[in-house]
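>>> Fold the following, please.
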Amino acid sequence: MIRADRLTETFLWLTRFDAESYHERKIADALKEWFAAMGMTAEEDDAAEALRAEWERSHPESGRPADPSGNLLVRVPGVLPGTPVLFAAHLDTVAPGNGRKAVLHRADEERPDDEEGKEKERPHAGVREDMLTSDGTTVLGGDDGAAIAEILEAVMSLEEEKIPHRELELLFTAAEEPYCRGSRHFDFSRIRAKEAYVVDLDGPAGTASLSAPVIVSFYAEVRGRSAHAGFRPEDGIHAIAAAAAAVSRLPSGRIDADTTFNIGTIAGGTAKNIVPDRVRMEGELRSRSAETAEAFERQAESVFREEAEKAGATAELRWDVNFPSFRVGDDSCIVRRFREACRTIGLKPKTVSTFGGSDNNRLAAAGIPGLVISCGYFNAHTVRETVSVQEMVRTAELLAALAR
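Numbers count the residues shown, from 1 in each chain. Sure, this is the predicted structure:
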């Protein structure tokens, strides 16, 4: 039912569109045309203008104008009873993702091996598979182009073969890579599905993530008082010293099995001979436990206030929840359906827990239970990224089985 040649061509077609985050317009328009040719409508929401404004605020000196799209929602009519099934993928890629040149390496051809990623490039031990790579100068964009191609192929196969299936809702989000900015603006009340599969996980087909952490961005600003560091240092309040004292009291790295914290950037001061009156820091907190995350936030705020007060400075902290956490029970209906669909096509189902976020976090927050499932890409977010054609075929087969 699933055609490997057509699926490969679809993926290669998708890689021709530059689609770095906040620049998805061309690929979104191409998908609109694709669905129109299938007799379907890809409805675009109004997220593009909000995303354009976000790009201008966060990249004021880039010199590169944003060209975002909104989120696309497609409804595929079905004849089987029950609520719709939702399949989701994202339109954007990480950088460097412009000017991609995908290369197809046939299983029976010699190709360069990446020693570090060799095991991941061989999802089935001892079996050589057709692999797709970039030319080494950009990412390939299997994250998440492989998922888009698989969804399109599953829909084409179901429609061509006139196979009875439930109604499908297809969601293609913009600006997913920068903490799912696109789906922040999506109105999830438009979704009727009570069962979602977000196709956005590395690894072989048949793998599903049942949980992901809350991911919170951390912003702190400590304000002191400037003074000449040579003539009147005692008149100053050293903002960097106060901030450093606070940072030294906070745990960093892996706090426990389910929680990590990192301060990734720090900027402050105006000159070598001026006591710095201001310092800003940014970081990230991740935890599978919302309670642990909230307790750590309270601890950090207390520590920064205490150290600022000791120095005569002030401290302001802000926490921005990028993703709420999600967790699906191992015995839940959606997991049972996933496992049954895997077995139907001869896949061995595997469930895991990830430490990254996806649009599924937002779906869960909107009350729509879902799983994040793999789609055959490996070494994502690097120029060594690969996609297995056979894993794409297996994932497309799985999506068709879930629709049935």
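>>> and the protein, what are its domains?
Following automatic domain parsing, the chain resolves into domains at 4-212+325-403, 214-323.
>>> In TSV: those, plus mean pLDDT.
Converted to TSV, the domains of the chain look like this (pLDDT from 0 to 100):
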stretch	mean pLDDT
domain 4-212+325-403	93
domain 214-323	96
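>>> Of those, which stretch is the most buried?
domain 4-212+325-403 (a mean of 19; mean count of other CB atoms under 10 Å). All C-beta spots, glycine's among them, are computed from the backbone N, C-alpha and C.
>>> Relative to the whole chain's centre, how far out is it?
How far domain 4-212+325-403 lies from its chain's middle: 10 Å, per CA atoms, centre = their mean, to the nearest Å.
>>> Next: stretch 318-327.
13 Å.
>>> neighbouring contacts of that stretch?
The contact list for stretch 318-327 (CB atoms under 8 Å, 6 or more residues apart in numbering) reads 179-180, 210-220, 285, 287-290, 297, 357-358, 360-365, 370.
>>> what phi and what psi does the backbone show at residue 329?
Reported as degrees, to the nearest 10, the phi and psi values for residue 329 are phi -70, psi 140.
>>> How about residue 152?
Note on residue 152: its backbone torsions stand at phi -60, psi -40 [degrees, to the nearest 10].
>>> Can you give me the distance of the nearest residue to residue 145 once chain neighbours are set aside to residue 90?
Nearest non-adjacent residue to residue 145, counting by CB to CB, 6 or more residues apart in numbering: residue 14, 4.6 Å away. Distance of residue 14 to residue 90, given as CB to CB, to the nearest Å: 12 Å.
>>> do residue 277 as well
42 Å.
>>> Residue 401 too?
For residue 401 relative to residue 90 (CB to CB), the value is 23 Å.
>>> same question, residue 35
On the measure of CB to CB, residue 35 and residue 90 end up 17 Å apart.
>>> in the sheet, who's paired with residue 373?
residue 199, residue 208 (DSSP bridges).
>>> Is it correct that residue 319 falls within a strand?
Yes: applying DSSP: H, G, I helix; E, B strand; the rest coil, one finds residue 319 inside a strand.
>>> Show me the helices in the stretch 251-400 of the chain, by range?
With helices called from DSSP state H, counting those that start in this stretch, the stretch 251-400 of the chain shows them at 290-311, 333-344, 359-365, 389-403.
>>> Residue 85 is nearest to which of those helices?
Evaluated over those, closeness to residue 85 peaks at helix 389-403, with 5.8 Å, by CB to CB.
>>> Using PDB, write out the CA atom coordinates for that closest one.
Extracted C-alpha coordinates of helix 389-403, given in PDB (Å, rounded to 0.1, in the frame of the first residue of the first chain):
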ATOM      1  CA  VAL A 389      13.800   5.200   3.700                       C
ATOM      2  CA  GLN A 390      12.600   1.900   5.100                       C
ATOM      3  CA  GLU A 391      11.800   3.500   8.400                       C
ATOM      4  CA  MET A 392       9.800   6.200   6.600                       C
ATOM      5  CA  VAL A 393       7.800   3.400   4.900                       C
ATOM      6  CA  ARG A 394       7.200   1.600   8.200                       C
ATOM      7  CA  THR A 395       6.000   4.900   9.800                       C
ATOM      8  CA  ALA A 396       3.700   5.600   6.900                       C
ATOM      9  CA  GLU A 397       2.300   2.100   7.200                       C
ATOM     10  CA  LEU A 398       1.800   2.700  11.000                       C
ATOM     11  CA  LEU A 399      -0.100   6.000  10.400                       C
ATOM     12  CA  ALA A 400      -2.400   4.300   7.900                       C
ATOM     13  CA  ALA A 401      -3.000   1.500  10.400                       C
ATOM     14  CA  LEU A 402      -3.800   4.000  13.100                       C
ATOM     15  CA  ALA A 403      -6.300   5.700  10.700                       C
END
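>>> Done for today, thanks.
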